[in-house]
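**Student:** Give me the fold of what follows.
(chains A, B, C and D)
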Amino acid sequence: MEDIFITNDRLDSKACTETVTYPGAGGIVVFVGTVRNQTKGKTVKHLEFESYEKMALKEMQKIADEATERWSLYKMVIHHRLGLVPIEEEAVVIACSSAHRKEAFEACQYAIDTLKETVPIWKKEVFEDGEVWVSAHP
Amino acid sequence: MEDIFITNDRLDSKACTETVTYPGAGGIVVFVGTVRNQTKGKTVKHLEFESYEKMALKEMQKIADEATERWSLYKMVIHHRLGLVPIEEEAVVIACSSAHRKEAFEACQYAIDTLKETVPIWKKEVFEDGEVWVSAHP
Amino acid sequence: MEIEVVAFGIAKDIIKGKQVSISLSDNFTVGEARKKLSEQYPDFSKLTSLRFAVNADYVQDDYVLNPKDEVVLIPPVSGG
Amino acid sequence: MEIEVVAFGIAKDIIKGKQVSISLSDNFTVGEARKKLSEQYPDFSKLTSLRFAVNADYVQDDYVLNPKDEVVLIPPVSGG
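**Tutor:** The predicted structure is shown next:
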């Protein structure tokens, strides 16, 4: 079972953990990406995310399908937030469950690594004196 | 900051996630060990955990100290439940935060792997027709 | 033919808008569209990467564009 | 000297109780206590491992026991 979701509202990592809980599961791994208050020593006010949503959902679904197949997961959830996200709040939550923990760790790490490479979502860091699209330039 | 805890009550992975949330953190990884309904094809009714508590807390603290130092974590939480734990409920929760996700994944996996080797907690699987101390025999 | 190209993230800043129309002869490829856009907007060459999506899938430079395609510029993604 | 040894998990089942008292001459080591216990309770030899903790720390077989030590049998742990 997979649950792929993009929203402008706050994420709920607890709900994601509950979604992947399963009687046959022995291990649940949850990754939560929160907004950092600084980058390379510079104070970040907040982040702004935008997305090519139709394609982002499709790419997130591919990640969940691939991970579920490869690590025999019971469930995987990928939720991503868009719009303005304040410091400390959750920008992305990935949760998955498997019979044993090793698979859940590997699958969760694969999912966030791949999301950052393939899913068309863009993050802008907003500083006191300007803003920068993250990773846009070498 | 570390938060080491053993209890007979239900665990709360949400509270653990909140505890490790930190303005400087970009990645939070949470491992939740839940009770599986079967082992080697045999139906498990529930688990029972017991512990040499004084030493267990000491060994859990060592794990958190080591992980915090080695992966420059902001925070790590290790909570373990004792007594009767029903199917699907949380037996252990380990959460940690770091500036970048790779460190949080490695630290969390190190912590649960090491906990299972060194912390004096014992798990009994209770079946319809008997019970077994896990890992006691080769 | 005319192709509407939709932009996100920094690509939006570079073209100073949400979409741009480019004129191509028929059976032109994504590679040719990329070349045309880079000439018109030199700032694209400063990006770490610039991928194209057609109908919500990544495509390579040899993909032949069709006027009905939904063409989207994908500058370096940075979700998570 | 008499040493009280506390048991947890399957070690409790093997000694059929929470603790057992063993008599040792002075300056005896954990290794000797282990040998004595294994003779008295052959089921210990069936375990995957049997570690000893003294005052809440793991000790090796060459540790010399003191009557005031808190000695605990640690059969294979299985937390998590």
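
**Student:** quick one: C:Ile14 and C:Ala7 touch, right?
**Tutor:** Yes. Because the distance of 7.4 Å satisfies C-beta atoms under 8 Å, C:Ile14 is recorded as touching C:Ala7. Any C-beta I mention is one placed from the backbone N, CA and C, and that applies to glycine too.

**Student:** State the pLDDT value of A:Ala136.
**Tutor:** A:Ala136 carries a pLDDT score of 96 in this model.

**Student:** How about residues contacting the lowest-mean-pLDDT helix or strand in chain A?
**Tutor:** Ranking every helix and strand in chain A by mean pLDDT, DSSP states H and E puts strand A:38-39 at the bottom, with a mean of 91. Residues outside strand A:38-39 that contact it (C-beta atoms under 8 Å, 6 or more residues apart in numbering or on different chains): A:Val44, A:Glu125, B:Gly24.

**Student:** what's around the first one, how many residues?
**Tutor:** By that I understand A:Val44. As a burial measure, A:Val44 scores 18 neighbours (other C-beta atoms under 10 Å in any protein chain shown).

**Student:** do A:Lys40 as well
**Tutor:** By other C-beta under 10 Å, the residues close to A:Lys40 number 5.

**Student:** can you check A:Thr17 too?
**Tutor:** A:Thr17 has 25 nearby residues by other C-beta under 10 Å.

**Student:** before we move on, what about A:His46?
**Tutor:** A:His46 has 16 nearby residues by other C-beta under 10 Å.

**Student:** pLDDT at it, what is it?
**Tutor:** For A:His46, pLDDT reads 97.

**Student:** where's the spatially most central residue of chain C, which helix or strand?
**Tutor:** Central residue of chain C (C-alpha atoms, centre = their mean): C:Leu73, 3.9 Å from the mean position. Using DSSP states H and E, C:Leu73 maps to strand C:71-74.

**Student:** Over that strand, what's the mean pLDDT, rounded is fine.
**Tutor:** Here the average pLDDT along strand C:71-74 is 98.

**Student:** Distance from it to the middle of the chain?
**Tutor:** On the basis of C-alpha atoms, centre = their mean, to the nearest Å, strand C:71-74 is displaced by 5 Å from the centre of the chain it belongs to.

**Student:** got it, and stretch C:46-61?
**Tutor:** Taking mean C-alpha positions (C-alpha atoms, centre = their mean), stretch C:46-61 and its chain are 7 Å apart.

**Student:** Send over it as CSV, restricted to the C-alpha atoms.
**Tutor:** Output in CSV follows, covering the C-alpha atoms of stretch C:46-61 (Å, rounded to 0.1, in the frame of the first residue of the first chain):
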residue,chain,number,x,y,z
LYS,C,46,24.7,28.8,-16.0
LEU,C,47,22.4,26.2,-14.5
THR,C,48,23.7,22.9,-13.0
SER,C,49,21.4,21.1,-15.4
LEU,C,50,18.3,21.7,-17.5
ARG,C,51,16.0,18.7,-18.2
PHE,C,52,12.9,18.6,-20.3
ALA,C,53,9.6,16.8,-19.4
VAL,C,54,7.0,16.0,-22.0
ASN,C,55,3.6,15.0,-20.8
ALA,C,56,4.9,14.7,-17.3
ASP,C,57,7.8,12.4,-18.1
TYR,C,58,11.5,13.1,-18.5
VAL,C,59,12.6,13.0,-22.1
GLN,C,60,16.0,12.9,-23.8
ASP,C,61,17.3,15.4,-26.3
